[in-house]
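Colleague: structure for this input, please:
(chains A, B, C and D)
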Protein chains: 2
Amino acid sequence: MLEERKKKILQAIIDEYINTAEPVSSGVIEKKYRLGCSSATIRNEMVELEKAGYLEKPHTSSGRVPSAKGYRFYVDELIKEDDISLQEIKYIQSKLAIKVNEIEELTRIATSTLSEVTHYTSVAIGPRANFQNIEEVKFVLLGNRMLMAVILTDTGIVKETIIKFDEDITEEQVNTLNIIFNNKLKGKPLGEIDKPLEEYIFSEMNYSLNVIKPIMQQLDRVINEDSNLYLEGANKSFELPEFKSLEVARNFINLIDTKEVMRDLLNTGFAKDINVYIGDENNNEQLKDFSIITFKHRYQNKDLGTIGIIGPKRMDYSKVISVMKYISKKLNGK
Amino acid sequence: MLEERKKKILQAIIDEYINTAEPVSSGVIEKKYRLGCSSATIRNEMVELEKAGYLEKPHTSSGRVPSAKGYRFYVDELIKEDDISLQEIKYIQSKLAIKVNEIEELTRIATSTLSEVTHYTSVAIGPRANFQNIEEVKFVLLGNRMLMAVILTDTGIVKETIIKFDEDITEEQVNTLNIIFNNKLKGKPLGEIDKPLEEYIFSEMNYSLNVIKPIMQQLDRVINEDSNLYLEGANKSFELPEFKSLEVARNFINLIDTKEVMRDLLNTGFAKDINVYIGDENNNEQLKDFSIITFKHRYQNKDLGTIGIIGPKRMDYSKVISVMKYISKKLNGK
DNA sequence: GTTTAGCAATCAAAAAGCAAGAGTGCTAAA
DNA sequence: TTTAGCACTCTTGCTTTTTGATTGCTAAAC
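Modeller: Numbers count the residues shown, from 1 in each chain, chains lettered A, B, ... in the order given. Sure, this is the predicted structure:
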């Protein structure tokens, strides 16, 4: 554990670095933060904080910069609670007050609001389909050879997909499909539409395999497909000084451009309400320059996806976490 | 008009510059392109080409670089036809052979294929809804208080939207809705769902305004909403030498991040099959460093959206245009 | 024992200087 | 009209110098 004064100094250094993006010297801490001791004392403490691994020096005669361990300590112990202004609260309220009919729309609004308020790049993904339960299945005939399958889940998510046929489909066939599929699927998790079920349905239906086969294929596809990824405010990151480095900028673009990595990031570990990943804590070399903060979009304890922020390690953690907590609360109460 | 030799030299310079991204000197043209005259002669011609506005010089003692006018001439007169390899043709064929049920899926595949083959960033947008004609409208009841409206248009595009109610909806009401809306809307362009129609429907329906009002609102919204924008291979651009300049990189990110600009770009002027916008030809300061090449995704002369490439002005126009022509042809034949 | 003033040592970043090389434009000859 | 030849220009890359910020250490003060 750190003594009180060390904590204060560490906090001051990280706060200052988050603000300025420049290595922090003992001098500015003395002058700006008035901790009641001289720069020499601060220097002595800095040496120890560096030995303990909380700070780093870009080179011998420069100020100090927080290390990943430093940020981690900052996030876990030194964070400012409710670092959110009345104005920001008002803005978020106004944005989330809009009535929406679809959950994806709400996720989208929340994501862009998060980016607008924090000035970082935000990102979101829909819920994983497999764990949702089927509430209702409906087939709709469009023209003579096109069928739309609509699945309503218990989270209120609606998935729809289109199946095209080489032969005409009758209204009667559609009715049978509706009855059989609903009988068999109501209440089941989406992930359970599988082979045995397929065979059962084959045996129940007395007409052409040409009809059932494409339906099962397409249902399978729509259930297993990755949900949409939203990205908002990528340009905001490019205003930050760390993006002056071509390498950092390129890494960032590569990161947000490879959807699989983003999906993995948004779909991992949700022990806490807000999850903070600093740099390559999660062993991904690609992330060494960035931090990710995520939270689950929940409504009545149901998972409606994940929303997150991606930015430089020198992120305004207090602000981001405060804003996220507020948005999360608002979404849950909606 | 330019004499033959000037054309040859201009072409050589632009080809070389597209390859190397370095200002081109009279020396390399003499050595690499063997036009049967000395570097001094080439220098003399270069002076005239510069006077005529086709070339520029970054500074007095450097080689020449194509101007926007130079690129324009190159695209209009000097382009290589069918600059596409057998291998690339094979690859495109294999990608487009996949059977899809939804047109958006096809657009997405075509867009990513375009990016993969050309190594530039590609972008696409769906068709403008207003000009499509309604083929069929179906309302589907989901649960008791949720209605899905499905609109099938003559281009095969399916639009669906969800409407939530504060009161229960009966199957009977749904049937009436289906009959009335189909009667009134079949064959009409989507853009015509407007006020007078709304009033007509009000007068026809003998039940609650609470039901019709939200439906009209939501239909209105879904019809007028901008179609989805796809972006593929943003990271590819960042491998190019012009993106070493922080300013260029930032402009690019700003460009692709502001969706309105992208929409405008993809929705303008389609006099030709393939449209080339070089730099700020279209008077958009933001585009000064970039070129855009677009084509309409058509099937049986119906507009299914626009697909394009965005890259530096120093783009491999021949390759991009050849690949686009091929993909366009393939899509149309599908 | 802890804190602090004072100061030499360190090192990056900016500025300045310099040599090399590439490319042009011009002139005069072919 | 073309080309060889050459002086002139200007970038690029490199080295050197200067500047200034910041540290770490020592010794005195508290």
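
Colleague: list the contacts for A:Gly191?
Modeller: Going by CB atoms under 8 Å, 6 or more residues apart in numbering or on different chains, A:Gly191 touches A:Ala129, A:Asn130, A:Phe131, A:Ile223. Where you see a C-beta, it was placed from the backbone N, CA and C, and this is true even at glycine.

Colleague: need the max-distance pair from those residues.
Modeller: Maximum pairwise distance among the contacts of A:Gly191 (CB to CB): 11.2 Å, between A:Phe131 and A:Ile223.

Colleague: common neighbours of these two, please.
Modeller: With CB under 8 Å, 6+ apart, A:Phe131 and A:Ile223 have common neighbours A:Leu190, A:Gly191.

Colleague: which one of these two has more residues nearby?
Modeller: Neighbour count, other CB atoms under 10 Å in any protein chain shown: between A:Phe131 and A:Ile223, A:Ile223 has more, with 20 against 13.

Colleague: check which helix or strand covers that one.
Modeller: helix A:209-224 (DSSP states H and E).

Colleague: any idea which helix or strand comes after the helix or strand containing A:Tyr91?
Modeller: Using DSSP H and E, A:Tyr91 sits in helix A:86-96. The helix or strand immediately downstream of helix A:86-96 is helix A:103-118, counting by DSSP H and E.

Colleague: could you check the angle helix A:103-118 makes with the helix or strand following that following helix?
Modeller: Beyond helix A:103-118 on the C-terminal side, the first helix or strand identified by DSSP H and E is strand A:121-125. Orientation check (axes from the mean of the first three to the mean of the last three CA atoms, to 10 degrees): strand A:121-125 against helix A:103-118 gives 160 degrees.

Colleague: hang on, A:Leu141 packs against A:Leu147?
Modeller: Yes: between A:Leu141 and A:Leu147 there is a contact under CB atoms under 8 Å: 6.1 Å.

Colleague: which residues sit against stretch A:7-15?
Modeller: Contacts of stretch A:7-15 with the rest of the structure, by CB under 8 Å, 6+ apart, involve A:2, A:24, A:29, A:32-33, A:35, A:42, A:45-46, A:49, A:54-55, A:64, A:66, A:70-71, A:73-74, A:77-78.

Colleague: how far away is A:Ser227 from DNA strand C?
Modeller: Separation of A:Ser227 from DNA strand C (CB to the nearest atom of the strand, to the nearest Å): 43 Å.

Colleague: got the phi/psi numbers for the nearest residue to that residue once chain neighbours are set aside?
Modeller: Computed as CB to CB, 6 or more residues apart in numbering or on different chains, the closest residue to A:Ser227 that is not its neighbour in sequence is A:Gly126, at 3.2 Å. Phi and psi for A:Gly126, reported as degrees, to the nearest 10, are phi -70, psi 170.

Colleague: need the contact list for A:Gly126.
Modeller: Taking CB under 8 Å, 6+ apart, one finds A:Glu104, A:Thr107, A:Ile157, A:Ser227, A:Asn228, A:Leu304, A:Gly305 in contact with A:Gly126.

Colleague: just the buried ones from those, in ChimeraX syntax?
Modeller: This is the ChimeraX syntax for the buried subset of the contacts of A:Gly126, where burial follows 16 or more other CB atoms under 10 Å in any protein chain shown:
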select /A:104,107,157,227,304,305
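
Colleague: which pair of the contacts of A:Gly126 spans the longest distance?
Modeller: Within those, A:Asn228 and A:Leu304 form the most distant pair, 12.8 Å apart (CB to CB).

Colleague: alongside chain B, which residues does the stretch 51-200 of chain A contribute?
Modeller: When proximity is defined by CB under 8 Å from any CB of the partner chain, the stretch 51-200 of chain A lies next to chain B at A:101-102, A:135-136, A:138, A:140-143, A:146, A:148, A:150, A:152, A:158, A:160-164.

Colleague: find the nearest non-adjacent residue to A:Val28, please.
Modeller: Nearest residue to A:Val28, sequence neighbours excluded (CB to CB, 6+ apart): A:Glu16, at 6.4 Å.

Colleague: pretty sure that neighbour is in a helix, no?
Modeller: Yes: looking at A:Glu16 with DSSP: H, G, I helix; E, B strand; the rest coil, it is inside a helix.

Colleague: next up, the contacts around it.
Modeller: Applying CB under 8 Å, 6+ apart, the residues near A:Glu16 are A:Val24, A:Val28, A:Ile29, A:Lys32, A:Tyr33.

Colleague: buried subset of these?
Modeller: For the contacts of A:Glu16, a neighbour count by 16+ other CB under 10 Å gives the buried set as A:Val24, A:Val28, A:Ile29, A:Tyr33.

Colleague: so where do the strands sit in chain A?
Modeller: A:55-56, A:65-66, A:121-125, A:134-142, A:146-153, A:158-164, A:229-232, A:274-278, A:290-299, A:302-312 (DSSP state E).

Colleague: for A:Thr41, give me its contacts.
Modeller: Contacts of A:Thr41 by CB under 8 Å, 6+ apart: none found.

Colleague: quick one: it from A:Leu35, how far?
Modeller: 9 Å (CB to CB, to the nearest Å).

Colleague: can you check A:Tyr277 too?
Modeller: A:Tyr277 is 31 Å from A:Leu35, where distance means CB to CB.

Colleague: using PDB, write out every CA atom in the helix holding A:Tyr91.
Modeller: In PDB, the C-alpha atoms belonging to helix A:86-96 read as follows (Å, rounded to 0.1, in the frame of the first residue of the first chain):
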ATOM      1  CA  LEU A  86     -25.300  19.100 -14.800                       C
ATOM      2  CA  GLN A  87     -25.100  20.100 -18.400                       C
ATOM      3  CA  GLU A  88     -23.900  16.700 -19.500                       C
ATOM      4  CA  ILE A  89     -26.700  15.100 -17.500                       C
ATOM      5  CA  LYS A  90     -29.200  17.300 -19.200                       C
ATOM      6  CA  TYR A  91     -27.800  16.500 -22.600                       C
ATOM      7  CA  ILE A  92     -27.900  12.700 -22.000                       C
ATOM      8  CA  GLN A  93     -31.400  12.900 -20.600                       C
ATOM      9  CA  SER A  94     -32.600  14.800 -23.700                       C
ATOM     10  CA  LYS A  95     -30.900  12.200 -26.000                       C
ATOM     11  CA  LEU A  96     -32.300   9.200 -24.200                       C
END
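
Colleague: what residues does it touch?
Modeller: Applying CB under 8 Å, 6+ apart, the contact partners of helix A:86-96 are A:Leu106, A:Ile109, A:Ala110, A:Thr113, A:Glu116, A:Val117, A:Val323, A:Tyr326, A:Ile327, A:Lys330, A:Leu331, A:Lys334.

Colleague: any chance of a markdown table for the strands of chain A, columns distance to A:Asp83?
Modeller: What follows is the strands of chain A, written out as a markdown table (distance: least, CB to CB, whole Å):
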| stretch | distance to A:Asp83 |
| --- | --- |
| strand A:55-56 | 23 |
| strand A:65-66 | 18 |
| strand A:121-125 | 17 |
| strand A:134-142 | 40 |
| strand A:146-153 | 36 |
| strand A:158-164 | 37 |
| strand A:229-232 | 21 |
| strand A:274-278 | 13 |
| strand A:290-299 | 13 |
| strand A:302-312 | 14 |
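
Colleague: flag every residue of the stretch 201-334 of chain A that's near chain B.
Modeller: Contacts of the stretch 201-334 of chain A with chain B, taken as CB under 8 Å from any CB, map to A:218, A:233-235, A:238-239, A:243-244, A:246, A:249-250, A:253-254, A:256-258.
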